[in-house]
Structures are given as structure tokens and as C-alpha cells.
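J.: Fold the following for me, if possible:
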Amino acid sequence: MAKISAAEVNKLRKATGAGMMDCKKALVEAEGDFDSAIEILRKKGQKVAAKRADRDSSEGAAIAVVNADANKGVVISLNCETDFVAKNDNFVALANDFAQLALNCNSKEELLAADYKGITVEEKLTEQTGVIGEKIEIGAFKTLEAPFVGSYIHAGNKIAVLTGLSKAGDNAEEVAKDVSMQAAAMNPVALNEDGVDQATIDKEIEIAKDQLRQEGKPEEMLDNIAKGKIKRFFKDNTLVHQAFIKDNKQSVAQYVADALGKDAEVVAFERVALG
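T.: Numbers count the residues shown, from 1 in each chain. So this is what the prediction gives:
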């Protein structure tokens, strides 16, 4: 049997994140060959991944990042099974690494095939599944491009948001962050009324009519009153029309116009939430 030094075990642990005993066992099985030991640990990850394929992975870390030009952003989630793993510093660091890679990808499939320190992201996920013992996968993958893109990650990495503005400016970063925080807190269903699908509108109209009938309102009045309630729904549930959480005397749209100029507006947002 090959004699395995503590330095070799530590080197493998740093390369893979696996536990000391797992690294030692892999090196012993590989008769001291470093690359073979890595392959042994990956195969262990494949076995664990197969066993846990049907597990729910609704916990994790949501990360939003923006490129150096601040005109493109990406928000991803690295999902796992438990909150305990989601809070692990190494897990969050890996999620941030993947998010940076994702800036140069146009889809989740591209990200999974991207190179991560000599292996693909997908292979790294399998490897870490074996290390951690939980199902780990890329969940959400959303990109956003605009004249200016800003981001916000809520404490604990449970919610991450990107906001696109129609123009840059001296305080565009602060404005985009404020709007992103708004989206994180208020969870709007769409940017504006045009983004609300007809099925949602029809459902809200029916709910409003049912409430009015229970209040004893005449049937012939229901349509007009329901239209007013739909306007209220748009005000409460679409980002640009919501009352700005830092100053509820103005809407989000008014805040942006006041801060960046009357022609400035929010053009898009992407929100990812976990847990």
C-alpha cells in the first residue's frame, strides 16, 4: 500500500473540498496518484447524485452579478437540500464563482458546460454532491441587458434581483439598488400592467366581482367597479406603479424620474427567491 503523506491529503482536500478521511481513502485506493484520487471522489459524487436525484433542492444561495460596463447582469441560484449547507461559506463562495462564469453564458446549459478550474461546472456540481452529501444543482438562470444594470442580494442570499434602467447617471447604481430592494421586498408580478398576463387579470376581475356580489352590489355595476379594483391591483403589484418603500408618497417610476431625469425609467427586472 502506498504511503500517503498529510501534505498529499491536504492538497487533495483543497482541490476538491472533500473531508480529510475521504481524501485519504481516495489516495490510498489510487495508490497515491493524485488525478486518480480526484476521479475516485467524482465517482463517489455520481453515486450520491444518482441516489438523491429525486430529492427537493429548494434551499441554496441566490446570487446577482453585473459586468464591468454595468450593462449586463445575471442572477442564478445554486440549490441544495438544507439551509445548513446553504449558509456554508464554501457553498456561497462556489455560488459566487458560478455567477461570475454565468456573465459570459447565455443559458443554463452553457453555464453547465463552462470550464471551472479544469472541469465543467456540471462535473463540479457532481463532485460537490459527493463531498456534501446533498443534491446540488443550478436552479434559476436569468440574464438582463439594459443601458444600466444594477443588483441587490438580500441578507442570507435568499433573494437576488437585477434592475435595468433606461439610462446611466452619477447615482444610477444607487437608484438601481433601491429599485432592486423594492422588487426583493414587494415581489411585484410584473414591471407594469403590460407585463401582467390576461389569465391573471381575468382571475382578479372574477375575485373582485365575487367580493362585490357578497357586498350586495347590483350585477349591472360590477364591471365598472371591478375595473377600478384592477387599477388598484396594477398599482399594488406592478413594480413601476408600486409606492416606493423609502417614500410612499411617490411611485417607483416617479422616484426614478426624479433621481435620474424625467426621461429615465425602469425597463426590466429579474427576481430569484429561494426557501
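
J.: Apart from its chain neighbours, what residue comes closest to residue 120?
T.: Once flanking residues are discounted, residue 120 sits nearest to residue 113: 5.7 Å by CB to CB, 6 or more residues apart in numbering. C-beta: built from backbone N, CA, C; applies to glycine.

J.: List the buried residues for the one helix or strand residue 13 maps to?
T.: In this assignment (DSSP states H and E), residue 13 forms part of helix 6-16. Of the residues in helix 6-16, 8, 9, 12, 13, 15, 16 count as buried by neighbour count, 16 or more other CB atoms under 10 Å.

J.: re earlier: in contact with the residue nearest to residue 120, which residues are there?
T.: 120, 121, 122 (CB atoms under 8 Å, 6 or more residues apart in numbering).

J.: Drop anything exposed from those residues.
T.: 121, 122.

J.: What about the contacts of residue 113, which are in helices?
T.: 121, 122 (DSSP state H).

J.: Out of the contacts of residue 113, which comes closest to residue 179?
T.: residue 121 (30.1 Å; CB to CB).

J.: Pipe the buried residues of helix 6-16 into CSV and attach distance to residue 35 and pLDDT per row.
T.: CSV is the format used below for the buried residues of helix 6-16 (distance: CB to CB, whole Å; pLDDT from 0 to 100):
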residue, distance to residue 35, pLDDT
8, 12, 87
9, 15, 84
12, 10, 80
13, 15, 80
15, 10, 79
16, 12, 76
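
J.: Turn these into JSON lines, columns for distance to residue 260.
T.: Shown next, in JSON lines, are the buried residues of helix 6-16 (distance: CB to CB, whole Å):
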{"residue": "8", "distance to residue 260": "57"}
{"residue": "9", "distance to residue 260": "55"}
{"residue": "12", "distance to residue 260": "52"}
{"residue": "13", "distance to residue 260": "49"}
{"residue": "15", "distance to residue 260": "47"}
{"residue": "16", "distance to residue 260": "47"}
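
J.: Among those residues, which pair sits farthest apart?
T.: Longest span within the buried residues of helix 6-16, CB to CB: 8 and 16, 12.6 Å.

J.: Relative to residue 72, which of the contacts of residue 113 is nearest.
T.: Distances from residue 72 to these, taken by CB to CB, are shortest for residue 121, at 19.1 Å.
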